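**Student:** missing the sequence, but the structure's below:
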């Protein structure tokens, strides 16, 4: 029962945190499964968070394929099972239409990927479609 309560509290924290990261943006949260492929479209001011459970220090890979290079930015956070503040792992801009990222992380914990639009690209490209593949 105690583990279940901790997991529910962690999930609520992650969802609240994901929405606060893109405060003005229309956001969503997706819990990804290894081997999954997730499709989405981001418009100006929107963001999407992906909770990537069971990421490991070896063998984890995330591939972002977007319709237009340089229009999507993201950052990673690592949430430890004991709670507390997430560890910021850095940010990136997907500067090609196929962008490979995320090769290794601390263990154990849950990896969180937050994607947003790059400011200044929304006039030329109002909507950008992309996929996230988590292996």
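**Tutor:** Noted; the coordinates are in hand. Remember, it's a predicted structure, so these values are computed and weren't measured experimentally.

**Student:** The residue nearest the centre of the chain sits in which helix or strand?
**Tutor:** Per C-alpha atoms, centre = their mean, the C-alpha nearest to the average position across the chain is that of residue 113, at 1.8 Å. For residue 113, the host element (DSSP states H and E) is strand 110-117.

**Student:** Hmm, residue 97 is touching residue 69, no?
**Tutor:** Yes: Residue 97 is within contact range of residue 69, at 5.1 Å (criterion: C-beta atoms under 8 Å). All C-beta atoms are positioned from the backbone trio N, CA, C, and that covers glycine.

**Student:** Give me the common contacts of the two.
**Tutor:** Contact with both residue 97 and residue 69 is made by no residue, according to C-beta atoms under 8 Å, 6 or more residues apart in numbering.

**Student:** Residue 40 pairs with what?
**Tutor:** residue 130 (DSSP bridges).

**Student:** Which strands or helices does the strand holding residue 113 pack on?
**Tutor:** helix 2-21, strand 36-43, strand 46-52, strand 72-79, strand 127-134 (3 or more C-beta pairs under 8 Å, 6 or more residues apart in numbering; DSSP states H and E).

**Student:** And the ones you listed, which one averages the lowest pLDDT?
**Tutor:** Mean pLDDT per stretch puts helix 2-21 lowest among those, at a mean of 52.

**Student:** what sits against the closest residue to the residue nearest to the centre of the chain other than its chain neighbours?
**Tutor:** The spatially closest residue to residue 113, leaving aside those adjacent along the chain, is residue 50, at 4.3 Å (C-beta to C-beta, 6 or more residues apart in numbering). By C-beta under 8 Å, 6+ apart, residue 50 lies in contact with 29, 30, 31, 32, 38, 112, 113, 114, 115, 132, 134.
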